[in-house]
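**Q** Provide a 3D model corresponding to the input given below.
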Amino acid sequence: MVTTADLNSLATSLQLTPQLSRSLTTGERVSPRINPDPSALVVRDGALTLPINVARIKWDAIDHNGNVVAGGEYNVGGSTTLVPEFVFKPQLFEPSSNRTPPEPKSIRIRATVTLSVALATGTVVSSVSTPLLSANLLVTPLPIPTIFAMFRHKNFSAKDGAAVLLLVPEYIKPSPGTINQVTTKLENLRNDLDLLADLGGWFLPELSAITQFTDSVNAQPRVHLRVANEYRNLNSITLIQRSWWQNDTEAEDEISSVMLFGLGKSIQCYQHRRFGGRSFKLRTATAEPLSSVTDLSPDIPPSQPANKVEVVDNKKGGFENRLSSMKFL
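**A** Got it, this is the predicted structure:
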(Lines give C-alpha, C1' and ligand atoms only; values in the text may rest on other atoms or scores of the structure.)
Protein backbone atom coordinates (compact mmCIF):
# COMPACT_ATOMS: atom_id res chain seq x y z
CA MET A 1 0.00 0.00 0.00
CA VAL A 2 1.23 3.53 -0.79
CA THR A 3 2.33 5.39 2.33
CA THR A 4 3.14 8.96 3.31
CA ALA A 5 6.81 8.00 3.30
CA ASP A 6 6.50 6.92 -0.34
CA LEU A 7 5.05 10.30 -1.32
CA ASN A 8 7.62 12.18 0.78
CA SER A 9 10.40 10.36 -1.07
CA LEU A 10 8.78 11.18 -4.39
CA ALA A 11 8.35 14.86 -3.48
CA THR A 12 12.00 15.27 -2.41
CA SER A 13 13.15 13.79 -5.74
CA LEU A 14 11.57 16.66 -7.67
CA GLN A 15 13.69 19.56 -8.91
CA LEU A 16 12.83 23.17 -9.58
CA THR A 17 14.30 24.90 -12.61
CA PRO A 18 16.18 27.05 -13.35
CA GLN A 19 19.08 25.11 -11.81
CA LEU A 20 21.82 27.39 -13.15
CA SER A 21 22.57 30.73 -11.46
CA ARG A 22 22.32 33.74 -13.76
CA SER A 23 21.66 37.46 -13.85
CA LEU A 24 18.27 38.74 -14.91
CA THR A 25 17.76 41.61 -17.31
CA THR A 26 15.45 44.42 -16.23
CA GLY A 27 11.85 43.22 -16.29
CA GLU A 28 12.81 39.70 -17.36
CA ARG A 29 10.05 37.19 -16.66
CA VAL A 30 11.00 33.85 -15.13
CA SER A 31 8.76 30.80 -15.45
CA PRO A 32 10.05 28.07 -13.11
CA ARG A 33 9.21 24.43 -13.79
CA ILE A 34 9.00 21.39 -11.52
CA ASN A 35 10.78 18.39 -13.06
CA PRO A 36 9.45 15.89 -13.67
CA ASP A 37 5.94 17.30 -13.96
CA PRO A 38 4.27 16.02 -10.78
CA SER A 39 0.85 15.91 -12.47
CA ALA A 40 2.24 13.22 -14.81
CA LEU A 41 3.57 10.98 -12.03
CA VAL A 42 2.00 7.68 -10.99
CA VAL A 43 2.57 5.15 -8.19
CA ARG A 44 1.89 1.44 -8.01
CA ASP A 45 -0.56 0.11 -5.44
CA GLY A 46 -0.53 -3.63 -5.92
CA ALA A 47 -1.82 -4.25 -9.42
CA LEU A 48 -3.13 -0.71 -9.73
CA THR A 49 -1.41 2.31 -11.23
CA LEU A 50 -2.59 5.43 -9.44
CA PRO A 51 -2.08 9.05 -10.59
CA ILE A 52 -0.37 11.53 -8.33
CA ASN A 53 -2.27 14.71 -7.51
CA VAL A 54 -0.73 18.04 -6.59
CA ALA A 55 -2.85 18.69 -3.53
CA ARG A 56 -1.28 22.07 -2.84
CA ILE A 57 1.43 24.27 -4.30
CA LYS A 58 2.63 27.63 -3.03
CA TRP A 59 5.16 29.84 -4.78
CA ASP A 60 7.32 32.50 -3.15
CA ALA A 61 10.93 33.71 -3.11
CA ILE A 62 13.71 33.76 -0.52
CA ASP A 63 16.87 35.89 -0.26
CA HIS A 64 20.46 34.74 0.21
CA ASN A 65 19.89 34.47 3.97
CA GLY A 66 16.87 32.22 3.53
CA ASN A 67 14.40 34.93 4.51
CA VAL A 68 11.13 35.26 2.63
CA VAL A 69 11.26 38.15 0.17
CA ALA A 70 8.57 40.75 0.76
CA GLY A 71 5.69 40.47 -1.67
CA GLY A 72 6.21 44.01 -2.98
CA GLU A 73 9.68 43.07 -4.25
CA TYR A 74 8.34 40.71 -6.89
CA ASN A 75 5.18 39.92 -8.77
CA VAL A 76 4.00 36.41 -9.57
CA GLY A 77 1.24 35.38 -11.90
CA GLY A 78 -0.38 32.00 -11.36
CA SER A 79 0.84 31.65 -7.79
CA THR A 80 -1.17 28.46 -7.19
CA THR A 81 -0.53 26.82 -10.56
CA LEU A 82 2.23 24.54 -11.77
CA VAL A 83 3.48 27.17 -14.24
CA PRO A 84 3.73 30.61 -12.61
CA GLU A 85 5.57 33.66 -13.94
CA PHE A 86 7.86 35.77 -11.75
CA VAL A 87 9.21 39.26 -12.30
CA PHE A 88 11.48 40.97 -9.78
CA LYS A 89 11.79 44.62 -8.74
CA PRO A 90 15.31 46.04 -9.14
CA GLN A 91 16.89 48.55 -6.80
CA LEU A 92 17.37 52.07 -8.16
CA PHE A 93 20.70 53.82 -7.65
CA GLU A 94 22.77 56.75 -8.88
CA PRO A 95 25.82 55.52 -10.84
CA SER A 96 28.51 57.52 -9.05
CA SER A 97 32.26 57.27 -8.70
CA ASN A 98 31.80 58.55 -5.13
CA ARG A 99 30.21 55.33 -3.87
CA THR A 100 30.17 51.62 -4.58
CA PRO A 101 27.11 50.52 -6.55
CA PRO A 102 24.76 48.12 -4.78
CA GLU A 103 25.29 44.42 -5.30
CA PRO A 104 22.69 42.52 -7.34
CA LYS A 105 20.00 41.00 -5.15
CA SER A 106 20.39 37.23 -4.88
CA ILE A 107 16.99 35.51 -4.93
CA ARG A 108 15.82 31.90 -5.16
CA ILE A 109 12.34 30.92 -6.24
CA ARG A 110 10.67 28.42 -3.94
CA ALA A 111 7.80 26.03 -4.58
CA THR A 112 6.25 24.33 -1.56
CA VAL A 113 4.51 21.20 -2.82
CA THR A 114 2.13 18.71 -1.23
CA LEU A 115 1.45 15.50 -3.18
CA SER A 116 -1.47 13.15 -2.66
CA VAL A 117 -2.90 9.94 -4.05
CA ALA A 118 -6.37 8.43 -3.75
CA LEU A 119 -6.19 4.71 -2.98
CA ALA A 120 -8.69 2.15 -4.23
CA THR A 121 -10.10 1.93 -0.72
CA GLY A 122 -11.04 5.60 -0.88
CA THR A 123 -8.27 6.66 1.52
CA VAL A 124 -6.26 9.72 0.48
CA VAL A 125 -2.57 9.63 1.35
CA SER A 126 -0.62 12.91 1.36
CA SER A 127 3.02 13.88 1.60
CA VAL A 128 4.32 16.53 3.95
CA SER A 129 4.77 20.01 2.44
CA THR A 130 8.12 19.88 0.64
CA PRO A 131 10.10 22.99 -0.40
CA LEU A 132 11.84 22.97 -3.79
CA LEU A 133 14.41 25.68 -4.60
CA SER A 134 15.68 27.13 -7.86
CA ALA A 135 19.26 28.27 -8.38
CA ASN A 136 20.26 31.80 -7.38
CA LEU A 137 18.85 34.53 -9.61
CA LEU A 138 20.64 37.88 -9.54
CA VAL A 139 18.41 40.97 -9.84
CA THR A 140 20.63 43.69 -11.28
CA PRO A 141 20.17 47.25 -9.91
CA LEU A 142 18.88 49.89 -12.31
CA PRO A 143 20.98 53.08 -12.63
CA ILE A 144 19.22 56.46 -12.50
CA PRO A 145 21.44 59.35 -13.70
CA THR A 146 21.46 62.94 -12.47
CA ILE A 147 20.81 65.59 -15.16
CA PHE A 148 20.03 69.30 -14.88
CA ALA A 149 18.26 70.84 -17.89
CA MET A 150 18.28 74.60 -18.50
CA PHE A 151 15.75 75.74 -21.12
CA ARG A 152 15.94 79.02 -23.00
CA HIS A 153 12.16 79.59 -22.99
CA LYS A 154 9.49 79.46 -20.29
CA ASN A 155 7.44 76.30 -19.89
CA PHE A 156 10.18 74.33 -21.70
CA SER A 157 8.77 75.75 -24.92
CA ALA A 158 10.22 74.61 -28.26
CA LYS A 159 9.17 77.75 -30.14
CA ASP A 160 11.53 79.74 -32.38
CA GLY A 161 14.97 80.17 -30.87
CA ALA A 162 14.49 77.34 -28.38
CA ALA A 163 17.43 75.46 -26.89
CA VAL A 164 18.26 73.34 -23.85
CA LEU A 165 21.51 72.84 -21.99
CA LEU A 166 21.96 69.47 -20.25
CA LEU A 167 24.42 69.41 -17.37
CA VAL A 168 25.67 66.14 -15.88
CA PRO A 169 27.95 66.05 -12.81
CA GLU A 170 31.45 64.65 -13.32
CA TYR A 171 30.98 61.90 -10.74
CA ILE A 172 28.31 60.13 -12.84
CA LYS A 173 29.95 57.00 -14.25
CA PRO A 174 30.27 55.93 -16.92
CA SER A 175 30.61 59.29 -18.63
CA PRO A 176 27.41 60.15 -20.51
CA GLY A 177 29.15 60.34 -23.89
CA THR A 178 27.59 62.26 -26.77
CA ILE A 179 24.18 63.91 -26.85
CA ASN A 180 22.82 61.05 -28.94
CA GLN A 181 24.17 58.54 -26.43
CA VAL A 182 22.56 60.45 -23.56
CA THR A 183 19.16 60.64 -25.22
CA THR A 184 19.39 56.93 -26.13
CA LYS A 185 20.21 56.03 -22.51
CA LEU A 186 17.28 58.11 -21.28
CA GLU A 187 14.91 56.43 -23.75
CA ASN A 188 16.18 53.01 -22.66
CA LEU A 189 15.60 53.96 -19.02
CA ARG A 190 12.11 55.15 -19.91
CA ASN A 191 11.39 51.82 -21.62
CA ASP A 192 12.71 49.86 -18.62
CA LEU A 193 10.56 51.84 -16.18
CA ASP A 194 7.54 51.50 -18.46
CA LEU A 195 8.01 47.71 -18.51
CA LEU A 196 8.40 47.51 -14.72
CA ALA A 197 5.32 49.67 -14.20
CA ASP A 198 3.34 47.41 -16.51
CA LEU A 199 4.55 44.14 -14.99
CA GLY A 200 4.63 45.00 -11.30
CA GLY A 201 3.04 48.42 -10.86
CA TRP A 202 6.47 49.69 -9.76
CA PHE A 203 8.20 53.05 -10.20
CA LEU A 204 5.19 55.01 -11.44
CA PRO A 205 6.58 58.36 -10.15
CA GLU A 206 9.94 57.60 -11.78
CA LEU A 207 8.24 56.71 -15.07
CA SER A 208 6.22 59.92 -15.00
CA ALA A 209 9.39 61.89 -14.25
CA ILE A 210 11.51 60.41 -17.05
CA THR A 211 8.61 60.75 -19.50
CA GLN A 212 8.17 64.45 -18.78
CA PHE A 213 11.91 65.05 -18.86
CA THR A 214 12.61 63.21 -22.12
CA ASP A 215 9.55 64.65 -23.88
CA SER A 216 10.61 68.20 -22.96
CA VAL A 217 14.24 67.65 -24.04
CA ASN A 218 13.41 65.79 -27.26
CA ALA A 219 11.12 68.62 -28.37
CA GLN A 220 13.99 71.12 -28.38
CA PRO A 221 15.58 71.98 -31.74
CA ARG A 222 18.98 72.53 -30.09
CA VAL A 223 20.35 70.28 -27.33
CA HIS A 224 23.75 70.86 -25.73
CA LEU A 225 25.58 68.69 -23.22
CA ARG A 226 28.26 69.52 -20.67
CA VAL A 227 29.82 67.34 -17.97
CA ALA A 228 30.91 69.35 -14.93
CA ASN A 229 30.17 69.62 -11.22
CA GLU A 230 29.87 73.38 -11.56
CA TYR A 231 29.96 76.23 -14.07
CA ARG A 232 31.40 79.52 -12.89
CA ASN A 233 30.52 81.30 -16.11
CA LEU A 234 27.63 80.17 -18.31
CA ASN A 235 28.76 82.67 -20.93
CA SER A 236 31.31 80.05 -21.99
CA ILE A 237 28.52 77.82 -23.36
CA THR A 238 26.98 78.65 -26.73
CA LEU A 239 23.30 77.79 -27.16
CA ILE A 240 22.82 79.14 -30.69
CA GLN A 241 25.74 79.37 -33.13
CA ARG A 242 25.31 82.09 -35.73
CA SER A 243 27.24 83.35 -38.70
CA TRP A 244 30.59 85.02 -38.09
CA TRP A 245 29.16 88.53 -38.48
CA GLN A 246 26.37 87.89 -35.93
CA ASN A 247 26.43 87.49 -32.18
CA ASP A 248 26.04 83.97 -30.85
CA THR A 249 23.58 83.26 -28.04
CA GLU A 250 25.31 82.02 -24.90
CA ALA A 251 23.66 80.34 -21.93
CA GLU A 252 24.34 83.25 -19.57
CA ASP A 253 21.25 85.43 -19.02
CA GLU A 254 19.19 83.30 -21.45
CA ILE A 255 17.57 80.66 -19.20
CA SER A 256 13.83 80.89 -18.43
CA SER A 257 12.87 77.43 -17.07
CA VAL A 258 14.71 74.46 -15.57
CA MET A 259 14.33 70.77 -14.70
CA LEU A 260 16.34 68.61 -12.30
CA PHE A 261 16.19 64.83 -12.68
CA GLY A 262 17.81 62.51 -10.13
CA LEU A 263 17.37 60.62 -6.87
CA GLY A 264 17.44 63.09 -3.98
CA LYS A 265 19.68 65.66 -5.73
CA SER A 266 20.17 69.43 -5.40
CA ILE A 267 21.57 72.24 -7.54
CA GLN A 268 22.13 75.94 -6.89
CA CYS A 269 21.86 78.65 -9.58
CA TYR A 270 23.28 82.18 -9.25
CA GLN A 271 22.56 85.53 -10.87
CA HIS A 272 26.25 86.43 -11.12
CA ARG A 273 29.34 84.68 -12.35
CA ARG A 274 31.54 82.73 -9.91
CA PHE A 275 28.54 81.94 -7.69
CA GLY A 276 27.71 85.52 -6.74
CA GLY A 277 24.51 87.50 -6.30
CA ARG A 278 21.04 86.23 -5.53
CA SER A 279 20.60 82.47 -5.90
CA PHE A 280 18.13 79.65 -5.53
CA LYS A 281 18.38 75.94 -4.78
CA LEU A 282 16.29 73.28 -6.51
CA ARG A 283 16.06 69.77 -5.10
CA THR A 284 14.44 66.44 -5.84
CA ALA A 285 13.37 63.67 -3.47
CA THR A 286 14.26 60.00 -3.80
CA ALA A 287 10.58 59.19 -4.27
CA GLU A 288 10.04 62.22 -6.56
CA PRO A 289 13.01 62.31 -8.93
CA LEU A 290 11.92 65.30 -11.02
CA SER A 291 11.59 68.91 -9.90
CA SER A 292 10.92 71.69 -12.35
CA VAL A 293 10.39 75.44 -12.58
CA THR A 294 8.37 76.53 -15.59
CA ASP A 295 8.91 80.28 -15.08
CA LEU A 296 11.95 81.84 -13.40
CA SER A 297 10.59 85.40 -13.43
CA PRO A 298 8.89 85.51 -9.95
CA ASP A 299 10.95 86.58 -6.92
CA ILE A 300 10.44 83.07 -5.53
CA PRO A 301 9.86 80.80 -8.52
CA PRO A 302 7.15 78.16 -7.92
CA SER A 303 8.19 74.56 -8.47
CA GLN A 304 6.54 71.30 -9.42
CA PRO A 305 6.22 69.50 -7.04
CA ALA A 306 5.67 72.41 -4.67
CA ASN A 307 8.26 73.63 -2.17
CA LYS A 308 11.31 72.31 -4.02
CA VAL A 309 12.79 75.80 -4.52
CA GLU A 310 14.68 77.64 -1.78
CA VAL A 311 15.72 81.24 -2.48
CA VAL A 312 18.90 81.93 -0.53
CA ASP A 313 18.34 85.63 0.21
CA ASN A 314 15.35 87.95 0.53
CA LYS A 315 16.28 90.47 -2.14
CA LYS A 316 13.76 91.28 -4.84
CA GLY A 317 14.05 90.26 -8.45
CA GLY A 318 13.39 87.09 -10.40
CA PHE A 319 15.86 84.83 -12.16
CA GLU A 320 14.55 84.77 -15.72
CA ASN A 321 17.38 85.56 -18.17
CA ARG A 322 19.60 86.37 -15.19
CA LEU A 323 21.49 83.18 -14.45
CA SER A 324 25.28 83.26 -14.82
CA SER A 325 26.62 80.29 -12.81
CA MET A 326 25.50 77.02 -11.20
CA LYS A 327 26.75 74.06 -9.22
CA PHE A 328 25.60 70.61 -8.17
CA LEU A 329 25.36 70.34 -4.40
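**Q** all strands for the stretch 151-300 of the chain, in order.
**A** Secondary structure of the stretch 151-300 of the chain by DSSP state E, counting those that start in this stretch: the strands cover 164-168, 223-227, 230-231, 238-240, 249-250, 257-261, 266-272, 276-283, 290-293.
**Q** gap between the residue lying closest to residue 179 once chain neighbours are set aside and residue 156?
**A** Take residue 179 and drop its neighbours on the chain: the residue closest to it by CB to CB, 6 or more residues apart in numbering is residue 225, 4.8 Å away. The way it works is simple: take the backbone N, C-alpha and C, and place the C-beta from them, glycine included. Residue 225 sits 17 Å away from residue 156, going by CB to CB, to the nearest Å.
**Q** the two: which is more packed in?
**A** residue 156 (23 against 18; other CB atoms under 10 Å).
**Q** sorry, back to before: now do the same for the residue nearest to residue 179: its pLDDT.
**A** On pLDDT, residue 225 comes in at 95.
**Q** who touches it in this structure?
**A** 165, 166, 168, 176, 178, 179, 182 (CB atoms under 8 Å, 6 or more residues apart in numbering).
**Q** let's see it at 6 Å
**A** The contact partners of residue 225, by CB atoms under 6 Å, 6 or more residues apart in numbering, come to 166, 179, 182.
**Q** the last one and residue 174 touch, don't they?
**A** No. In this structure residue 182 lies outside contact range of residue 174 using CB atoms under 6 Å: 11.5 Å.
**Q** okay, the two: which has more neighbours?
**A** residue 182 (19 against 10).
**Q** which non-adjacent residue is nearest that one?
**A** Residue 182's closest residue in space is residue 176 (CB to CB, 6+ apart), at 4.7 Å.
**Q** what's the neighbour count on the one you found?
**A** By other CB under 10 Å, neighbour count at residue 176 equals 19.
**Q** give the residue farthest from the middle of the protein.
**A** residue 47 (58.5 Å; CA atoms, centre = their mean).
**Q** what about it, distance to residue 120?
**A** For residue 47, the distance to residue 120 - CB to CB - is 10 Å.
**Q** the longest strand seen in the chain pairs with which strands?
**A** Longest strand of the chain, by residue count under DSSP state E: strand 105-118. Sheet pairing for strand 105-118, assigned by DSSP bridges, gives strand 53-63 (antiparallel), strand 124-126 (antiparallel), strand 130-133 (antiparallel), strand 137-139 (antiparallel).
**Q** can you tell me which of the ones you listed is packed in deepest?
**A** With neighbours defined as mean count of other CB atoms under 10 Å, the strands paired with strand 105-118 peak in mean count at strand 137-139, which reaches a mean of 20.
**Q** how far does it sit from its chain's centre?
**A** Chain-centre distance of strand 137-139: 15 Å, with CA atoms, centre = their mean, to the nearest Å.
**Q** quick check: domain ranges of the protein?
**A** 4-139, 144-328 (automatic domain parsing).
**Q** most tightly packed of these?
**A** domain 144-328 (a mean of 17).
**Q** follow-up on the earlier one: out of the strands of the stretch 151-300 of the chain, which comes closest to residue 205?
**A** Go through these one by one with CB to CB and the one that ends up closest to residue 205 is strand 290-293, at 8.3 Å.
**Q** for the next helix or strand after the closest one, what is the average pLDDT?
**A** As assigned by DSSP states H and E, the chain's next helix or strand after strand 290-293 is strand 309-311. The pLDDT scores in strand 309-311 average 95.
**Q** partners of strand 309-311, with directions?
**A** In its sheet, and by DSSP bridges, strand 309-311 pairs with strand 276-283 (antiparallel).
**Q** check the spatially closest residue to residue 207 that is not a sequence neighbour and give its pLDDT.
**A** Nearest residue to residue 207, sequence neighbours excluded (CB to CB, 6+ apart): residue 193, at 4.2 Å. Here, the pLDDT recorded for residue 193 equals 97.
**Q** my guess is residue 193 contacts residue 208, does it?
**A** No. Applying CB under 6 Å as the test, residue 193 and residue 208 come out as separate, 9.1 Å apart.
**Q** much appreciated, bye for now.
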